[in-house]
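>>> attaching a predicted model along with its sequence, questions to come.
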Amino acid sequence: MASILPSVLLSVSLLAAGPAFAADSKRIAITVDDLPAASVTSIAPAEALRLNQQLLAALRRQGVKAVGFVNEDRLLVPGQIDSGVAVLEAWLDAGMELGNHNFGHLGLWNSPKEDVEAAVLKGEVFTRWVTSRRQAPLRYYRHPYSQTGKTETERESFEAFLAERGYAVAPITVDHDDYLFACVYDRLDAQRQAEQRKTVGDEYDDHLRVSIKVFETMSQELFGRQIPQILVLHANRLNADTLDRTLTTLTQVGYAFVPLDDALRDEAYRSPAKASGRFGPSWLARWARAKGVKLSVYGQPDPRGVTVKWHAQLCRE
Ligand SMILES: [Zn+2]
């Protein structure tokens with residue numbers, strides 16, 4: 001017992017000192033959508049749980065406190081409820097936080113506001129149950145498709161509804177099209193097409209490196225500094241296999257990981273943003289539009305490489 005005391009004291013004192021960030025240091029919060037799992041091919045409950053354990057192991061290894069956003073319709077499947085709840089428990093066991101991504105992944109462009117509000121309530125039943133038993137917070141809502149409303153009135157009214165239910169909006173500033181790479185990855189056979197899967201992983205990493213620079217440029221042009229960014233990922237096979245590399249890449253290009261609540265404390269997140277309409281771009285683009293500021297770039301470039309060709313062949317809906 002006595003032998004571990006000094007290191008415990010050391011880590012406590014480091015925590016007490018708090019993170020000391022230079023004004024322009026690069027910080028990023030990690031968020032993972034579509035829990036328990038998103039896949040274009042069928043995914044057995046045991047695989048979904050394993051996939052989340054891989055994600056959580058990578059997050060823990062790299063000291064990241066992430067928020068996982070739940071679609072409870074993916075969980076409320078006959079015969080699979082226990083394994084879905086086990087995924088939520090695994091996130092809390094790993095020291096992560098859970099948020100609401102609504103029941104049915106309804107977006108505010110295609111669904112009436114009343115339906116989306118009902119989906120928020122229906123989508124919090126299990127998550128509220130597992131979080132409240134541990135006194136863990138349930139305080140963030142992530143809009144499906146990043147759609148915040150068809151009109152300004154609708155956005156304000158929906159956000160007031162969220163606030164009444166104790167939810168704050170979890171914006172996204174960095175998106176690097178993981179759904180596109182993940183679809184190809186899902187369609188490739190893990191054994192027979194391992195080489196192609198590796199290529200997808202390499203191109204996915206390249207695309208992150210190119211994309212993150214664009215969002216840094218937007219931050220610089222809009223705020224004159226690097227604001228804490230918020231990255232969106234999805235709970236899929238691709239990220240389960242590559243999250244360690246993604247987090248290492250972010251570290252290599254200068255990022256420190258911060259929890260979402262830390263990122264949201266930055267005053268940038270108090271900037272006005274108009275209703276998204278149909279397309280939900282990075283909040284950086286929304287703030288620029290609301291401020292009437294012209295940026296030199298608006299969001300990540302289109303992915304390149306052989307994955308795009310494979311996507312056209314394998315992921316036609
Ligand atoms: Zn989603």
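It's in. If you're wondering where the values come from, they're calculated on a predicted model, not measured in any experiment.
>>> end-to-end on stretch 103-117?
With CA to CA, to the nearest Å as the measure, the ends of stretch 103-117 fall 10 Å from one another.
>>> same question for stretch 180-200.
Terminal-residue distance, stretch 180-200 (CA to CA): 10 Å.
>>> so how far is that stretch off the chain centroid?
22 Å (CA atoms, centre = their mean, to the nearest Å).
>>> now it: buried residues?
180-188, 196-197, 199-200 (16 or more other CB atoms under 10 Å). (C-beta placed from N, C-alpha, C; glycine too.)
>>> what lies in contact with stretch 161-170?
For stretch 161-170, contacts defined as CB atoms under 8 Å, 6 or more residues apart in numbering pick out 31, 67, 69, 99-100, 117, 120-121, 124, 138-143, 148, 159, 230, 260, 264.
>>> show me those residues that map onto strands.
With strands taken from DSSP state E, the overlap with the contacts of stretch 161-170 comprises 31, 67, 69, 99-100, 140-141, 230.
>>> can you select the buried ones from those residues in ChimeraX?
A single ChimeraX command is used to select the members of the ones in strands among the contacts of stretch 161-170 judged buried by 16+ other CB under 10 Å:
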select :31,67,69,99,100,140,141,230
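>>> which one among the ones in strands among the contacts of stretch 161-170 gets closest to residue 47?
Ranked by distance to residue 47 (CB to CB), these are led by residue 69 at 19.8 Å.
>>> give me the nearest residue to that closest one, chain neighbours excluded.
Of all residues not flanking residue 69 in the chain, residue 101 sits nearest, at 3.7 Å (CB to CB, 6 or more residues apart in numbering).
>>> isn't the one you found right up against residue 123?
Yes: shown here, residue 101 and residue 123 form a contact pair, counting by CB atoms under 8 Å, at 7.0 Å.
>>> what do these two both touch?
Common neighbours of residue 101 and residue 123, using CB under 8 Å, 6+ apart, are 70-71.
>>> report pLDDT for residue 4.
In this model, residue 4 is scored at 41, pLDDT.
>>> how about the helix or strand where residue 311 lies: buried residues?
Residue 311 is part of helix 306-314, with elements assigned from DSSP states H and E. For helix 306-314, burial by neighbour count (16+ other CB under 10 Å) applies to 307-308, 310-311.
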